[in-house]
Structure formats: structure tokens, C-alpha cells
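Q: Build me a model:
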Amino acid sequence: MENTVQEYIKKLEHYYDTDGKLLQYPSKKPMRIIALIKIAEKIDISRKYTEKEMNEIIRSSIAFGDIELIRREMFQYKLIGRLKDGSEYWAESDWKQTYAEYMNVL
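A: Got it, this is the predicted structure:
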């Protein structure tokens, strides 16, 4: 998988602007996961975030407006957790182990 992940990382470079913001959400799942991991790496694992704070982290990482899509996907792929009412978010403690095959080549 390592070569494949490296290939996806190379392809994903075209999805970022010169400021390092994601221009569009990739359609291929491996590329989506890599893009989401890059955002998740900005989240401090030792603290909790409000929805507004989480949105700001995402907003600073993407050049398109669908913050909610990225937040939902990060939750779906278990990069972040949240309370049911959405009032509190956090980085899942084991996401780096879950995506170790991606982390080893990033």
C-alpha cells in the first residue's frame, strides 16, 4: 500500500493552492483520507474545541466553503469525536494508529 499512498499523495498536491489550502475535496477515498489527515494534524489531541473553533481549523485548511462536509467526514472517518449536540469536539486519541499506513509516508 505504501507505493499507492505515495502515488495518491503526489496526485493530491494538485488539489492545494500555494498557501497550502485544499482547493476541492477529492473524490477518491484514499485521497480524501490523506487530505483529512492533514487537517487533523492541526488539532491538539489534549484539548476540546467548540464547533466554532473546529470550523476555524477547517476554514484555515480549505479554500472552498463546505466546512460542514469536512467536519462530517472527519467525524465519519473517526479523526475527530464530538458530543451529540455538537457543542464539543476533540481529536480521537487513536486516529494515528488507525491510519498508520498513511502516516508512515506522509
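
Q: make it CA atoms for all contacts and neighbour counts henceforth
A: Fine.

Q: Extract the CA atoms of stretch 78-96 and return them as CSV.
A: Output of stretch 78-96 as CSV, limited to C-alpha atoms (Å, rounded to 0.1, in the frame of the first residue of the first chain):
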residue,chain,number,x,y,z
LYS,A,78,-13.0,8.8,13.2
LEU,A,79,-10.4,11.5,13.1
ILE,A,80,-12.5,13.6,15.5
GLY,A,81,-15.2,12.9,18.1
ARG,A,82,-18.0,15.1,19.2
LEU,A,83,-20.8,15.3,21.7
LYS,A,84,-24.2,14.5,20.1
ASP,A,85,-25.3,18.1,20.3
GLY,A,86,-22.2,19.3,18.5
SER,A,87,-21.1,21.6,21.3
GLU,A,88,-17.7,19.9,21.9
TYR,A,89,-15.2,18.4,19.5
TRP,A,90,-11.8,16.6,20.0
ALA,A,91,-9.2,14.6,18.1
GLU,A,92,-9.8,10.9,18.5
SER,A,93,-6.9,9.5,20.5
ASP,A,94,-6.2,6.6,18.2
TRP,A,95,-6.6,8.1,14.8
LYS,A,96,-2.9,8.0,14.1
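
Q: Which residue would you name as the spatial centre of the chain?
A: Leu36 (1.9 Å; CA atoms, centre = their mean).

Q: Contact partners for it?
A: Applying CA atoms under 8 Å, 6 or more residues apart in numbering to Leu36 gives the contacts 70, 73-74, 79.

Q: Can you give the contact residues for the worst-scoring helix or strand of the chain on mean pLDDT?
A: When the helices and strands of the chain are scored by mean pLDDT, DSSP states H and E, helix 2-12 comes last with a mean of 85. Applying CA under 8 Å, 6+ apart, the contact partners of helix 2-12 are 26, 30-31, 34-35, 101-102, 105-106.

Q: Most neighbours among those, which one?
A: Ala35 (25 neighbours; other CA atoms under 10 Å).
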